[in-house]
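Chemist: make a model of this:
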Amino acid sequence: MGLFLVAIGLLAIYLFNFYYVQRRKLPPGPIPLPFVGNSLSFIKTPLDVCLQKWKDQYGDIMTIWVGCVPTVTLHNSRVIYDTFVKDGDAYAGRMELSWNEIVRSGPLGVMFAEGPLWREHRRFALQVFRNLGLGRNIMQERVLDDVCALISHVKSEAASGKTEVNMFDELDIAIGSVINSITFGYRFSRENRSEFKRVKKIATEAVSFFNSFLYRVMDGRINLLRRLPFFKDVYEANVNHNNESREFFLGQVDAHLKNIDLDSDEEPSDYVEAYLRMQHKLDKEGVKHTYRFVVLL
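Modeler: This next block holds a predicted model:
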């Protein structure tokens, strides 16, 4: 009887903390359930439909709960502008996901860094992308190269006697080639698409985790749930996915490193080359820095 009363007392404290203490200073929003938050709503109804319905009910600024993590969402262009443009520095931080502690092994670059580290890497990334032609005619030329390659491939398929061409696949690899040429300096081959398919699989799996109800419930209590049925499979799938991401992308970086001159004065041809050169320059000068490749997907 004593243990039962203790359990009831602990449950009451948890519910009071969850429904009153944690929510009292947050904007209004749909009432969350303990442990799962509003995640159950997304199982049968698309996220955008849920958000539109709640926005009509709670206003342009509201709170939804992803598991036990509160997420404040904005749904008005003026509010978004005032928040992230006029007062951008106040919102430059990044949400701390407990999954990061499982898979990370060093500085988190632009995506998950915050404060001075985030500003430094963001400044570097923007400068490199500008040099590579972002927002300029050079970028248009990169895109046009892949448009020409797409048209040439479709013509060759038609000339070979094919009556159908899957344009979704062709556009997929064309867009992937633009991104990869900026990142690694080369385009994907249409003759051997295995590399592109692997990259797409890794990216698709990364997005699918965030759409997983069990994944969202685990965040914040991974060490508690990782060995339980159902949750164990999600945990192992995420770790395996991250290992595959590291193996592939860091392998790409190593291969790239063998083909570039780190001391060259020429402009880097892609982002990875620029990053490796900066890393080499700072190492050579004996400067302590955070330019380290870390794959976190």
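
Chemist: could you verify that Pro70 is part of a helix?
Modeler: No. Pro70 is assigned strand when assessed by DSSP: H, G, I helix; E, B strand; the rest coil, not a helix.

Chemist: tell me the contacts of it?
Modeler: Gln22, Arg23, Leu26, Thr63, Ile64 (CB atoms under 8 Å, 6 or more residues apart in numbering). For the C-beta atoms, the positions are set from N, CA and C on the backbone; glycine is no exception.

Chemist: for Leu262, grab phi and psi.
Modeler: phi -70, psi -20 (degrees, to the nearest 10).

Chemist: which residues sit in contact with it?
Modeler: Shown in contact with Leu262 (CB under 8 Å, 6+ apart): Leu276, Arg277, His280, Lys281.

Chemist: what pLDDT does the second one get?
Modeler: Read it as Arg277. With respect to pLDDT, Arg277 scores 91.

Chemist: element containing it, please.
Modeler: helix 271-285 (DSSP states H and E).

Chemist: that helix: how far from the chain's middle?
Modeler: On the basis of CA atoms, centre = their mean, to the nearest Å, helix 271-285 sits 24 Å off its chain's mean C-alpha point.

Chemist: CA atoms only: put it into PDB for me.
Modeler: What follows is helix 271-285, C-alpha atoms only, in PDB (Å, rounded to 0.1, in the frame of the first residue of the first chain):
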ATOM      1  CA  TYR A 271      32.800  23.600 -50.400                       C
ATOM      2  CA  VAL A 272      34.700  20.600 -49.100                       C
ATOM      3  CA  GLU A 273      38.000  21.800 -50.700                       C
ATOM      4  CA  ALA A 274      37.500  25.200 -49.100                       C
ATOM      5  CA  TYR A 275      36.800  23.600 -45.800                       C
ATOM      6  CA  LEU A 276      39.900  21.300 -46.000                       C
ATOM      7  CA  ARG A 277      42.100  24.200 -47.000                       C
ATOM      8  CA  MET A 278      40.900  26.300 -44.000                       C
ATOM      9  CA  GLN A 279      41.500  23.300 -41.700                       C
ATOM     10  CA  HIS A 280      45.000  22.800 -43.200                       C
ATOM     11  CA  LYS A 281      45.800  26.600 -42.900                       C
ATOM     12  CA  LEU A 282      44.800  26.800 -39.200                       C
ATOM     13  CA  ASP A 283      46.700  23.500 -38.400                       C
ATOM     14  CA  LYS A 284      49.800  24.800 -40.200                       C
ATOM     15  CA  GLU A 285      49.600  28.100 -38.200                       C
END
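
Chemist: right, I'll call it a day here.
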